[in-house]
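Student: Sequence and predicted structure are below.
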Amino acid sequence: MFARRNDRLAPEQRASATFPVAVLLLAVCAIFVYLTIGGGLLEDGADTVVYTRQVADSTGQR
């Protein structure tokens, strides 16, 4: 009826990995769908421009 103290401290013998694997696959699929839809929305002919900071050539030492 009651579990012994040593039984509670022992590691689980029949642990299942189905739930963590399913959550991982679901997350990967959600990220893939998000990137696919986002990429499709950005391909409407709009050019993407990235502005970067201009780096000056420094000949002297600091």
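Tutor: Done, it's in.
Student: Could you tell me how many residues sit around Gln54?
Tutor: For Gln54, the count of nearby residues is 5 (other CB atoms under 10 Å). Where you see a C-beta, it was placed from the backbone N, CA and C, and this is true even at glycine.
Student: Same question for Ala22.
Tutor: 10.
Student: where's the helix or strand where it lies relative to the chain centroid, distance-wise?
Tutor: Using DSSP states H and E, the element containing Ala22 is helix 18-42. Distance of helix 18-42 from the chain centroid (CA atoms, centre = their mean, to the nearest Å) equals 9 Å.
Student: List the buried residues for that helix?
Tutor: Buried residues in helix 18-42, counting neighbours by 16 or more other CB atoms under 10 Å, are absent.
Student: Identify all contacting residues around that helix.
Tutor: Thr48 (CB atoms under 8 Å, 6 or more residues apart in numbering).
Student: Least confident secondary structure element in this protein?
Tutor: None of the helices or strands of the chain scores lower by mean pLDDT, DSSP states H and E than helix 5-9, at a mean of 65.
Student: so where's the chain shaky on pLDDT?
Tutor: 1-7, 44-47, 58-62 (pLDDT under 70).
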